[in-house]
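**Q** what's the 3D shape of this:
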Amino acid sequence: MTVVDYLLALLAMAVAMSVLMSLAWVVQQRTGNSGWVDTIWTFSVGLVGAVGAIWPAGGATPHARQWLVAILVAVWSLRLGGHVAVRSRGITDDPRYAEFARQWGEAAPRRMFVFLQQQAWGAIPLVFAMFVAAHAPAPELRLQDYLGILVLFTGIAGEGLADAQLKAFRTDPANKGKVCDAGLWRWSRHPNYFFEWVCWLAYPVIALSPDNPWGLASLLAPLLMYYILVHVTGIPPLEEQMLRSRGDRYRAYQARTSAFFPLPPNPAGK
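**A** Just a heads-up that it's a prediction; the model follows:
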């Protein structure tokens, strides 16, 4: 593939993400439930990433790695997107986005559109990492491709376990008003976010090689996802909401439990 091929693919994926997140804005405005934003974003990244993975660059038939990456992207997207969709059906609005709308006031529709376009453009390094991994020069599968499979499924399994543990905790009436401190949630305040980040390490594992200088671009995916989850739309707004609803109980939980990376609980924080 030439530099032009990579740049054209980057442009096409950017346009596709922008269009799809415009659709997310329409859905959010018509339903009033901003929970669908994350659902559409996840399926959009999966769709654009999978199509990019099997795109027949130069007219060549997609090879084994392209299909492998497309399947990995689809599995990730369907698992996470399905989980978020089920969660969105059970709420009237996502408290994080609702708080943004409250702060924006009358300008909320316009500000929300801009915010969702920022999410679309922020996803470009993610889908490009998928593209770069799929189009690595050597068409035959290598050991690192199988390691990439292991990394991604480790992330999916860990995230699924964290989600199941949280659901079980919340459905127990005895835990009403309490903070989930069971299983993986004892080691990390956001184990689902941590394992979601692990999923994005799969693409550099597949893409990085001496004969693939474009592979370095795949590192942007886990770096960006870490920044988003830890500093932007992940932990900060969620913990603000938890502090409002759980107060000192959540402050105590913060004191003894790692925010992101799973670590043994801090006895001094009890």
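**Q** For the stretch 101-250 of the chain, which segments are assigned as helices?
**A** Remark: helices assigned in the stretch 101-250 of the chain by DSSP state H, counting those that start in this stretch are 108-122, 124-134, 143-171, 191-200, 202-207, 220-227, 235-246, 248-256.
**Q** got a list of contacts for the last one?
**A** Which is helix 248-256. The contact list for helix 248-256, computed with C-beta atoms under 8 Å, 6 or more residues apart in numbering, reads 177-179, 181, 189, 239, 242-243, 246, 265-270. (Glycine included, C-beta is placed from N, CA and C.)
**Q** Repeat that for the second one.
**A** Judged by C-beta under 8 Å, 6+ apart, the contacts made with helix 124-134 from elsewhere in the structure are 6, 9-10, 13-14, 17, 45, 48-50, 52-55, 65-66, 68-70, 73, 148, 200, 202-204, 206-207, 212, 214-215, 217-221, 224-225.
**Q** quick one: what helix or strand has Thr92 in it?
**A** In the assignment (DSSP states H and E), Thr92 maps to no helix and no strand.
**Q** what's the burial count for it?
**A** By other C-beta atoms under 10 Å, 11 other residues sit near Thr92.
**Q** now it, nearest residue through space, not along the chain?
**A** Once flanking residues are discounted, Thr92 sits nearest to Asn33: 6.2 Å by C-beta to C-beta, 6 or more residues apart in numbering.
**Q** tell me, what residue is most central in the chain?
**A** Glu196 (5.9 Å; C-alpha atoms, centre = their mean).
**Q** quick one: low-confidence parts of the stretch 1-150 of the chain?
**A** For the stretch 1-150 of the chain, the stretches with pLDDT under 70 are 58-59.
**Q** can you check the stretch 151-270 of the chain too?
**A** 269-270.
**Q** let's see 80
**A** 268-270 (pLDDT under 80).
**Q** what does stretch 85-95 contact?
**A** Stretch 85-95 has contacts (C-beta under 8 Å, 6+ apart) with 32-39, 241.
**Q** mind checking which helix or strand the residue nearest to Thr92 is in?
**A** Asn33 belongs to no helix or strand when assigned by DSSP H and E.
**Q** List the buried residues in stretch 227-234.
**A** Using 16 or more other C-beta atoms under 10 Å as the test for burial, stretch 227-234 gives 228-230, 233-234.
**Q** residues in contact with Thr233?
**A** By C-beta under 8 Å, 6+ apart, Thr233 lies in contact with 96, 119.
**Q** Actually, Asn212.
**A** Here Asn212 is in contact with 132, 136-137 (C-beta under 8 Å, 6+ apart).
**Q** could you dump the residues you listed to a markdown table with neighbour count and distance to Arg96?
**A** Formatted as a markdown table, the contacts of Asn212 follow (neighbours: other C-beta atoms under 10 Å; distance: C-beta to C-beta, whole Å):
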| residue | neighbour count | distance to Arg96 |
| --- | --- | --- |
| Val132 | 32 | 31 |
| Ala136 | 23 | 36 |
| Pro137 | 12 | 41 |
